[in-house]
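1. Fold the following.
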Amino acid sequence: MTNRTLTLDDTLYHYLLEVSLRETPLLKRLRDETAQLLNARWQIAPEQGQFMALLVQLTGARRILEIGTFTGYSAICMAQAMGEDGRMICCDIPGDYNAIAERYWREAGLGQRIEQRLAPALETLGALERAGQASSFDLIFIDADKANYPTYLEHALRLVRQGGLILFDNTLWSGRVLEQHSDSPDTCAIQSLNLALKNDQRLDLSLLPLGDGLTLCRKR
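-> So this is what the prediction gives:
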């Protein structure tokens, strides 16, 4: 027994997947295809996708906003969980991987639930606010350029409803959050975000050692 989070070695991690992961064949194919790409490290862990799907089910989320979509794995996990009446907006920049995401969404029967907007995310978020979408989303997942994480937080707080969830990915940043005087804008931004969230009274907070670090925020 222990009173702190376990460190998972390869054997224990594979056991975790063996006894809990319910990944569909389609999601497994998508993950395998993504693994062949140069930016494969952008892919979330499968157990994280399953956890996020459970959050959607627990909260009854029906309007979801994703900032940073890549090949669409997390979008499928959440869109399947929100049901046929749910709608999801995915923000990403143009890239070869956009077509992969849309191909798998169609195969999964989710083409009508997911809208992909290809532009810098800050432009899309600003457009949503100008269109009167403030406080209209149940859940926002942020997994895009890390240097803009603090800015994404402010947009997300305006766009998510009271009691809604904001999720930040990569908040442990493979341990690089421990670096002092880092010259990486991404590392500095995540460090700033984590420190700001700790004392942000607009939110309830929990940082989980899931994947590369997943921070859950509930708007008060």
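
2. Please report phi then psi for the residue nearest in space to the middle of the chain.
-> Closest residue to the average C-alpha location of the chain: Phe141 at 3.8 Å, with Cα atoms, centre = their mean. Torsion angles at Phe141 (phi, psi; degrees, to the nearest 10) stand at phi -110, psi 120.

3. again with the one 4 residues further on
-> Asp145 has phi and psi values of phi -60, psi 120 when expressed as degrees, to the nearest 10.

4. For it, the count of nearby residues, please.
-> Counted by other Cβ atoms under 10 Å, the residues lying close to Asp145 total 18. For every residue, glycine as well, the C-beta is placed using N, CA and C.

5. re earlier: right, and the residue nearest to the centre of the chain touches Ser74 too?
-> Yes - with contact defined as Cβ atoms under 8 Å, Phe141 counts as touching Ser74 (6.4 Å).

6. Please tell me how far the strand with the most length in the chain is from the chain's geometric centre.
-> Longest strand of the chain, by residue count under DSSP state E: strand 160-169. What separates the centre of strand 160-169 from the centre of its chain is 11 Å, taken as Cα atoms, centre = their mean, to the nearest Å.

7. again with stretch 24-32
-> Worked out by Cα atoms, centre = their mean, stretch 24-32 lies 18 Å from the chain centre.

8. Name the surrounding residues that touch it.
-> Here stretch 24-32 makes contact (Cβ atoms under 8 Å, 6 or more residues apart in numbering) with 23, 43, 46, 49, 71-73, 76-77, 100, 104, 107-108.

9. Adding distance to His181 and pLDDT, write the residues you listed out as a markdown table.
-> Shown next, in a markdown table, are those (distance: Cβ to Cβ, whole Å; pLDDT from 0 to 100):
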| residue | distance to His181 | pLDDT |
| --- | --- | --- |
| Glu23 | 40 | 98 |
| Gln43 | 30 | 94 |
| Pro46 | 35 | 97 |
| Gly49 | 35 | 98 |
| Thr71 | 35 | 98 |
| Gly72 | 37 | 97 |
| Tyr73 | 35 | 98 |
| Ile76 | 40 | 98 |
| Cys77 | 37 | 98 |
| Ile100 | 38 | 97 |
| Tyr104 | 42 | 98 |
| Glu107 | 47 | 97 |
| Ala108 | 45 | 97 |
